[in-house]
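[1] give me coordinates for this.
(chains A and B)
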There are 2 protein chains.
Amino acid sequence: MSIIVQKFGGTSVDSASAIKRAASRVIEEKNLGHDVVVVVSAMGDTTDTLTRLAYEVTSNPQKREMDMLLSTGEQVTIALLAMALQEKGVDSISFTGGQAGIQTDSIHGNAKFKSIDPDPILRELADGKVVVVAGFQGVTEAGAISTLGRGGSDTTAAALAARLGAERCDIYTDVDGVYTSDPRYIKKAAKISSLTYDDMLNLAARGAGVLHPRSVKHAKEHGVPMTVRSSLTNERGTYINRTSKRSDRYPVIGIVFQDERASITLNGEDRDRGHDRQSVIRSILAARHIECDFYKNQQVTTLLIPHCDLKESLELISKKEGPIAFERLTTDCDLAKVAVIGSNIRTRPVIQGKTAQMLTRAQIDFQFIDDAPGSVTVVVKQPDMHRAAEILHTGFGLDVPEMRKIAAIH
Amino acid sequence: MSIIVQKFGGTSVDSASAIKRAASRVIEEKNLGHDVVVVVSAMGDTTDTLTRLAYEVTSNPQKREMDMLLSTGEQVTIALLAMALQEKGVDSISFTGGQAGIQTDSIHGNAKFKSIDPDPILRELADGKVVVVAGFQGVTEAGAISTLGRGGSDTTAAALAARLGAERCDIYTDVDGVYTSDPRYIKKAAKISSLTYDDMLNLAARGAGVLHPRSVKHAKEHGVPMTVRSSLTNERGTYINRTSKRSDRYPVIGIVFQDERASITLNGEDRDRGHDRQSVIRSILAARHIECDFYKNQQVTTLLIPHCDLKESLELISKKEGPIAFERLTTDCDLAKVAVIGSNIRTRPVIQGKTAQMLTRAQIDFQFIDDAPGSVTVVVKQPDMHRAAEILHTGFGLDVPEMRKIAAIH
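    Purely as a prediction, here's the structure:
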């Protein structure tokens, strides 16, 4: 029988009534004749509440103990969802990450899967049960509880779907799909009906919060189609697979933006060491899980990081050792990123040219970031962010009416 | 090195500051040169909150899922206490029941220990760590999380102390020891400095809530001394061991009472079957974990149960099958129990006689319950309960000044 993995995020299980609604979703899928595995997050803001409690006890919680603490959030949800299913007459069983056979490395707080034993879940499915699995967690070889870090529950769902050979992995969330841009700010943003893994990866990598890149990578590697849909409505959502129906005539799939960025500019003694310096800084920050971008600002290499990581980054960089030695350091805290996304951006100079043209015409200051394939990203002043995104969204033909036309073609 | 097991109950860990205070207690003991194992309950009213959540989702939560849910309460506390110890520079590690090697049978919600593997804890102690263990829980052979039912954390502490060959098991709670009666109602109740296991078992069996009988049984079987003391003060508390310093001249150790009792009287067709009927009813109710006592009320056998179990008990008994068939059933909901406790009650008729004399003189209606050795118990009308207890407390020489005298002798 075919297996469907469903994942319900925090807002989809943030109360008893939300959990009952999630149970109904599970039963709909079960009634279609599928075996169903459900992955859930902690209820609403449970994780934040527990984190706050930890910081009331210590300023520097040990990561193993933090995992012990936070993993209870998902454990509460699995028990309640299993009960809600039983209440509706559907046989079900809840599993912690460890019980579900999920083994991770021992990097507490940011663990990665080492192996998934499918047998515990398959046994219960064979017994006719819905299996409810705690997302975001596993056990280390030593038997300690580990958590996967941000976006962990999506990753659990995608990894289980891959390991179980699931027919589909459905991510239920508080939005009804993936949009061409954030519809809270860009009024003409349109829901995308189908996307390739690569497009989704590019959107996620540049900050589209709806899915974590790790989860998309798992699905892509094993060719498991994903959907992103609302737990509140019956709308179709967004379908993610190897290929999509989108035409190559429309290389741009979306506009993503991230505010609260800060820059650090190092005026060094030796400009030739610029590249060396970049890779050293990148690895120093990566060790602390700080994401960074680089761009040229008046011929000097500048580093772009999330605002909240500024203090720590400055401390790390100020050690001034070896190739990252510098004479003078300046920062700017009022920045944002806007990215033009599309895995079909084969003609990068064309997209860059168009982007530059549109922003210049609108009198918005910008700098191009050293980008990965699949996106063209600019740094702008924070107050210009939404306007820049809107202009690019319109300019690259993503506004709602155009999207409807595209949908009509296929 | 000698091992001390400490247990902190819900009120002793109901906030970040309470957890820090508990950590200080642990460190005091550690600084005396002991290896310390700490068992904790869920914070404050967490268990009630989780239970309420379950009943919002279903009217009849499955016990396996209830255990999955409730066990998170203790898991939160162990993580926070381990963090609080680490914050104070003490190396520590938290263990769920399963990680601590505690295996139980599979009676979810009321599990019993099957085995405790001491190695996981001993390994960490050998490594210089304080081990913080979740009370009230274990794992079944199938790997499911189980809970021990009421008083479970005390039982975990006593069982671990026994298995680890601990020097002592200290129960930290919100009272500063075991009293001759409940000091909230009996103003002249006195703290008992030392008690035998049997005295403590009798007190606990008749409703002294400070310790659960199961935990005392574990300590008694393995000869582990226990103390009951406050987590808030430095007072000595009550010491429980094979022998106590109390003299046989004072056979009565305490007066225990329980309100909200209800009676069920069955007017049967065949009085000769009374005994049969009693044992059948007892086993029917025991299967649902309903405690019951029997007494003669105007020559008819009457059943005494907690008020909250009345509805269920009536349903069970009303099936009227076999030896428990009856003609007419009457109930009384306004009753209470008062028990005179002492393992040295060798001269039961004397104690019964004195009890009867005192209550009669005070014009309090009463009936003797069919009692176990170690207690003489009466049923009284609920409004008479505190007065009856007070009279017996004074009459059997337990009021504070007398107790001080006894303490002075030794």
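[2] need the residues of chain A near chain B, please.
    With Cβ under 8 Å from any Cβ of the partner chain as the criterion, chain A comes near chain B at residues A:16, A:19-20, A:50, A:53-54, A:56-62, A:64-66, A:68-69, A:71-72, A:75-76, A:78-80, A:82-84, A:86-87, A:93-94, A:96, A:99, A:143-145. (C-beta placed from N, C-alpha, C; glycine too.)
[3] of these, which belong to helices?
    If you go by DSSP state H, the residues of chain A next to chain B have A:16, A:19-20, A:50, A:53-54, A:56-57, A:64-66, A:68-69, A:71-72, A:75-76, A:78-80, A:82-84, A:86-87 in helices.
[4] what's around residue A:15, how many residues?
    15 (other Cβ atoms under 10 Å in any protein chain shown).
[5] quick one: it and residue A:45 touch, right?
    No. Between residue A:15 and residue A:45 there is no contact under Cβ atoms under 8 Å: 11.6 Å.
[6] restricted to buried residues, select the residues of chain A next to chain B in ChimeraX.
    Paste this into ChimeraX to select the buried members of those, with burial taken from 16 or more other Cβ atoms under 10 Å in any protein chain shown:
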select /A:16,19,20,50,53,54,56,57,58,61,62,64,65,66,68,69,71,72,75,76,78,79,80,82,83,84,86,87,93,94,96,99,144,145
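[7] so who does the residue positioned nearest the centre of chain A touch?
    Geometric centre of chain A, nearest residue: residue A:212, 2.1 Å, by Cα atoms, centre = their mean. Contacts for residue A:212 (Cβ atoms under 8 Å, 6 or more residues apart in numbering or on different chains) come out as A:150-152, A:154-155, A:204.
[8] against chain B, how distant is it?
    Residue A:212 sits 24 Å away from chain B, taking Cβ to the nearest Cβ, to the nearest Å as the criterion.
[9] and that residue, what's its pLDDT?
    In this prediction, residue A:212 carries a pLDDT score of 88.
[10] torsion angles phi and psi at it?
    Backbone torsions of residue A:212, given as degrees, to the nearest 10, read phi -90, psi 140.
[11] can you tell me the closest non-neighbouring residue to the closest residue to chain B within the stretch 301-410 of chain A?
    Going by Cβ to the nearest Cβ, chain B is nearest to residue A:312 of the stretch 301-410 of chain A, at 20.7 Å. Of all residues not flanking residue A:312 in the chain, residue A:288 sits nearest, at 6.4 Å (Cβ to Cβ, 6 or more residues apart in numbering or on different chains).
[12] neighbours of the one you found, how many?
    Neighbours of residue A:288 (other Cβ under 10 Å): 11.
[13] what do you get for residue A:393?
    25.
[14] residues in contact with it?
    Applying Cβ under 8 Å, 6+ apart to residue A:393 gives the contacts A:180-181, A:186, A:188-189, A:255, A:399.
[15] who wins for neighbours among these?
    residue A:255 leads those on contacts (other Cβ under 10 Å) with 28 neighbours.
[16] for the closest residue to residue A:252 other than its chain neighbours, grab phi and psi.
    The shortest distance from residue A:252 to any non-neighbouring residue, by Cβ to Cβ, 6+ apart, is to residue A:396 (4.0 Å). Phi and psi for residue A:396, reported as degrees, to the nearest 10, are phi -90, psi 10.
[17] what pLDDT is listed against residue A:396?
    92.
[18] quick one: residues contacting it.
    A:252, A:255, A:340, A:354.
[19] my guess is the second one contacts residue A:391, does it?
    What that stands for is residue A:255. No. Using Cβ under 8 Å as the test, residue A:255 is too far from residue A:391 to be in contact (9.2 Å).
[20] the bottom helix or strand of chain A by mean pLDDT?
    Of all helical and strand segments in chain A, the minimum by mean pLDDT, DSSP states H and E falls on helix A:400-409, at a mean of 54.
[21] how many other residues sit next to the residue in the stretch 151-300 of chain A that chain B sits nearest to?
    Going by Cβ to the nearest Cβ, chain B is nearest to residue A:231 of the stretch 151-300 of chain A, at 16.0 Å. Neighbour count of residue A:231, defined by other Cβ under 10 Å: 22.
[22] report pLDDT for residue A:283.
    So, for residue A:283, pLDDT stands at 87.
[23] as a whole number, average confidence for the helix or strand hosting residue A:329?
    In the assignment (DSSP states H and E), residue A:329 maps to strand A:328-341. Strand A:328-341 shows a mean pLDDT of 91.
[24] sorry, back to before: among the contacts of residue A:212, which pair sits farthest apart?
    A:152 and A:204 (14.1 Å; Cβ to Cβ).
[25] picking up where we left off before, let's see which of the contacts of residue A:396 end up in strands.
    In this view, the contacts of residue A:396 that belong to strands under DSSP state E are A:255, A:340.
[26] just flag the most distant two among the contacts of residue A:396.
    A:255 and A:354 (12.5 Å).
[27] got any ranges where chain A has weak pLDDT?
    Applying pLDDT under 70 to chain A flags residues A:1, A:150, A:245-249, A:268-275, A:298-299, A:320-327, A:344, A:346-347, A:401-410.
[28] domain parsing for it?
    A:3-174, A:254-409 (automatic domain parsing).
[29] circling back: export the contacts of residue A:393 to JSON lines and tack on secondary structure and distance to residue B:377?
    What follows is the contacts of residue A:393, written out as JSON lines (DSSP: H, G, I helix; E, B strand; the rest coil; distance: Cβ to Cβ, whole Å):
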{"residue": "A:180", "secondary structure": "coil", "distance to residue B:377": "76"}
{"residue": "A:181", "secondary structure": "coil", "distance to residue B:377": "75"}
{"residue": "A:186", "secondary structure": "coil", "distance to residue B:377": "75"}
{"residue": "A:188", "secondary structure": "coil", "distance to residue B:377": "79"}
{"residue": "A:189", "secondary structure": "coil", "distance to residue B:377": "74"}
{"residue": "A:255", "secondary structure": "strand", "distance to residue B:377": "78"}
{"residue": "A:399", "secondary structure": "coil", "distance to residue B:377": "82"}
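[30] and which of these is nearest residue B:167?
    Of the contacts of residue A:393, the one sitting nearest to residue B:167 (Cβ to Cβ) turns out to be residue A:181, at 66.7 Å.
[31] pull out the buried residues from stretch A:39-52.
    A:39-44, A:46-47, A:50-51.
[32] kindly report the same for stretch A:219-235.
    Those would be A:219-220, A:222, A:224-231, for stretch A:219-235 by 16+ other Cβ under 10 Å.
[33] what does stretch A:182-196 give?
    A:182-183, A:186, A:188-196.
[34] stretch A:291-303 too?
    By 16+ other Cβ under 10 Å, the buried positions in stretch A:291-303 come out as A:292-295, A:297, A:300-303.
[35] which pair of those spans the longest distance?
    It's A:292 and A:300 that sit farthest apart of the buried residues of stretch A:291-303, by Cβ to Cβ, at 15.7 Å.
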